[in-house]
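Peer 1: pasted the sequence and its predicted model underneath.
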Amino acid sequence: MGFDYGRFAERFRGTEEYVKAGQELYRPLFEGVTDVLDLGCGRGEFLEMVPGAKGIDMSEESVATCRAKGLDAEVADLFVYLENLPEASLGGIFCSQVVEHIPVDRLPGMVKLCATRLRRGGVIAIETPNPECLAISRPTFIWIRPIKRPVPHPLLAFYFEEFGIGNIEVRKLSPAADSMPSLKSLPEDFREAFFGGLDYAITGRKL
């Protein structure tokens, strides 16, 4: 790769403690769920929270970091890995800060693969930048964290519905005003409409 990815992630994604704190909201969703897969596990923050979960990542350095912590992780392409899993073999899927890097024409196929690999009642949670928040267009976000295209939550919700995932909920995360205090001077309704959460989480269950 040519640079220290761990240091890069710490500076531009946040410390492991920061990421872990943000992912606490998923704990109740995955409580007691078995056969959980983390697509794009990074440094393993989610794997540490959900005992027995397995992670895959394209980064050898990230997987090495996970294994050094005693976590179950391997280097793999998510499409290839999911295609090789039996249908209805997973109880849960977690995917954070990944779908915005997936080519637009492959995103429906990714959601379909996830849906077919989940058992009935299985849970899925996807976290990704929120394109409704104008703050993600600033250069320090788009160019430092290069993405193919932000994915609007109505589009992911549509794909969920198309491939048999229901009980869909969307939650905005990381209020832009927390990292850009000047936004607090804007009227609250305007701020919420155009500068709400930098990210969002969309969750659902296999019907």
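Peer 2: It's in.

Peer 1: identify the residues contacting the strand or helix carrying F158?
Peer 2: Counting by DSSP states H and E, the element that carries F158 is helix 153-162. For helix 153-162, the external contacting residues (C-beta atoms under 8 Å, 6 or more residues apart in numbering) are 99, 107-108, 111-112, 115, 124, 126, 128, 130, 132, 166, 168, 170, 200, 202, 204. No exception for glycine: its C-beta is placed from N, CA and C like everyone else's.

Peer 1: mark which of these are part of helices, please.
Peer 2: 107-108, 111-112, 115 (DSSP state H).

Peer 1: mark which of the contacts of helix 153-162 are buried, thanks.
Peer 2: Buried subset of the contacts of helix 153-162 (neighbour count, 16 or more other C-beta atoms under 10 Å): 99, 107, 111, 115, 124, 126, 128, 130, 132, 168, 200, 202, 204.

Peer 1: can you put those in TSV and add pLDDT and distance to L47?
Peer 2: Below are the buried ones among the contacts of helix 153-162 laid out as TSV (pLDDT from 0 to 100; distance: C-beta to C-beta, whole Å):
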residue	pLDDT	distance to L47
V99	96	19
L107	96	24
V111	98	22
A115	98	22
I124	98	16
I126	98	17
T128	94	19
N130	88	24
E132	78	30
I168	98	25
Y200	94	22
I202	98	21
G204	98	21
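
Peer 1: out of those, which is nearest to S89?
Peer 2: A115 (12.5 Å; C-beta to C-beta).

Peer 1: that closest one and F163 touch, don't they?
Peer 2: Yes - A115 lies in contact with F163 (C-beta atoms under 8 Å); the separation is 3.8 Å.

Peer 1: what number of residues lie near F163?
Peer 2: Using other C-beta atoms under 10 Å, F163 has 18 other residues around it.

Peer 1: cool, and E83?
Peer 2: For E83, the neighbour count with other C-beta under 10 Å is 12.

Peer 1: pretty sure it contacts T116?
Peer 2: No - taking contacts as C-beta under 8 Å, E83 lies outside contact range of T116: 9.8 Å.
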